[in-house]
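Enquirer: no letters, just coordinates:
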């Protein structure tokens, strides 16, 4: 009789493979831990360009999982008595400032971990990397980033707060964040294949083999998408108001008294959805012309809500309203991509004239 772990692994393999084949998802990697044992399952391909298979040792970017690791490092120092979660951040980082007067001085260490700090830094990307990146980030906050609210007033997902926590760790321990993570988390957890930079990850994954495969694939590709051209066309773009009205008028009705909001905030995020799909860019870099013309108070209110709404656009199991809306936006985006790719349509597309007319016939 198979063990619980073996049975779970077999069930996941069967179910995941069937789901991937039906949904056209390239591949997956999953792990199960139970009662001291573990099983790793891989299926499909890891890279749709090179055709590299998904393997049990295929690496992935951590992304925001690093927030858990940063919190672990902070709590380790709290256990050792070198950090008090209730202390103000400036007691460890006197150079920590925000553009909003006196705001930084009110933020405590636990506000950094709990996303209750109010630091408005989601769109702050200083040109810095490597061992001095966290220091440069914190030094730039005082010039470029203010506060959305006072500490503890709201919860708002905060990349900036975690970066400040990383710099705080460097100052308290006298150790670069990268080295601290390797020593205090990776080494203790047996994460021998984990690293702290994209460059190191590429070298570990057989860069030369991947590069040759990619080159061969690109050489045989009949038509390449010029994403730089698309970004240039769409650098100040948003869904025109009339096009948005036509799109939303085609949404199936939602039963009940509570109806989805279809105002300018959602139009802005719908525009970002189309921009991301056409440019393959990161949504944080998308233009926000609709938001830019709002009063500062409304801009701040939008910032508090946009992460939640954006999640609905990106989730693999969207609510009915968002599933219907993204389907229409995909059709719209395909039409817009055709217009951008047309040799007869050079130059940036501020508000393409043909969008609304063509949209009526979707």
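Expert: Right, received. Where do you want to start? The shown structure was predicted, so the numbers you read here are calculated from the model rather than taken from an experiment.

Enquirer: pLDDT weak spots in the stretch 151-300 of the chain?
Expert: Across the stretch 151-300 of the chain, the ranges flagged by pLDDT under 70 are 199, 201-223.

Enquirer: in it, which spans are helices?
Expert: 159-173, 177-181, 187-189, 198-204, 207-219, 227-233, 241-249, 264-279, 289-292, 296-314 (DSSP state H, counting those that start in this stretch).

Enquirer: go through those helices and name the closest to residue 94.
Expert: Nearest to residue 94 among the helices of the stretch 151-300 of the chain is helix 159-173; the distance by Cβ to Cβ comes to 9.5 Å. C-beta here means a position set from N, CA and C on the backbone, and glycine is covered the same way.

Enquirer: for that closest one, name the packing helices and strands.
Expert: helix 66-79, helix 109-113, helix 133-144, helix 177-181 (3 or more Cβ pairs under 8 Å, 6 or more residues apart in numbering; DSSP states H and E).

Enquirer: in JSON lines, list those along with mean neighbour count and distance to residue 166.
Expert: Shown next, in JSON lines, are the helices and strands packed on helix 159-173 (neighbours: other Cβ atoms under 10 Å; distance: least, Cβ to Cβ, whole Å):
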{"stretch": "helix 66-79", "mean neighbour count": "17", "distance to residue 166": "6"}
{"stretch": "helix 109-113", "mean neighbour count": "23", "distance to residue 166": "9"}
{"stretch": "helix 133-144", "mean neighbour count": "18", "distance to residue 166": "5"}
{"stretch": "helix 177-181", "mean neighbour count": "20", "distance to residue 166": "5"}
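
Enquirer: how about residue 231: what's its closest non-neighbour residue?
Expert: residue 279 (4.9 Å; Cβ to Cβ, 6 or more residues apart in numbering).

Enquirer: picking up where we left off before, what's the closest of the helices and strands packed on helix 159-173 to residue 287?
Expert: Short answer: helix 133-144, nearest of the helices and strands packed on helix 159-173 by Cβ to Cβ, at 18.3 Å.

Enquirer: can you give me how far that closest one is from the chain middle?
Expert: Here helix 133-144 shows a centroid-to-chain-centroid distance of 21 Å under the convention Cα atoms, centre = their mean, to the nearest Å.

Enquirer: and the angle for that helix with helix 159-173?
Expert: Put simply, helix 133-144 runs at 130 degrees to helix 159-173, going by axes from the mean of the first three to the mean of the last three Cα atoms, to 10 degrees.

Enquirer: could we number from 5 for the rest of this?
Expert: In the new numbering, first residue 5, that becomes helix 137-148.

Enquirer: what's in contact with helix 137-148?
Expert: Contacts of helix 137-148 from elsewhere in the structure, counted by Cβ atoms under 8 Å, 6 or more residues apart in numbering, are 97, 99-103, 108, 123, 125, 128, 130, 132, 164, 167-168, 170-171, 174, 181.

Enquirer: can you select the buried ones among the residues you listed for me in ChimeraX?
Expert: Per 16 or more other Cβ atoms under 10 Å, the buried members of the contacts of helix 137-148 correspond to this ChimeraX selection:
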select :97,100,101,102,108,123,125,128,164,167,168,170,171,174,181
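
Enquirer: tell me the span between the first and last residue of stretch 181-190.
Expert: For stretch 181-190, the first-to-last residue distance is 12 Å (Cα to Cα, to the nearest Å).

Enquirer: contacts for it, please.
Expert: Residues contacting stretch 181-190 (Cβ under 8 Å, 6+ apart): 73, 76-77, 80, 135, 138, 170-171, 173-174, 177, 179, 195-196, 198, 200-201.

Enquirer: and the closest residue to residue 20 other than its chain neighbours, what does it touch?
Expert: Nearest residue to residue 20, sequence neighbours excluded (Cβ to Cβ, 6+ apart): residue 32, at 5.3 Å. Shown in contact with residue 32 (Cβ under 8 Å, 6+ apart): 20, 24, 45-48, 58.

Enquirer: and these, which of them are buried?
Expert: Buried, going by 16+ other Cβ under 10 Å: 20, 24, 45-48, 58, out of the contacts of residue 32.
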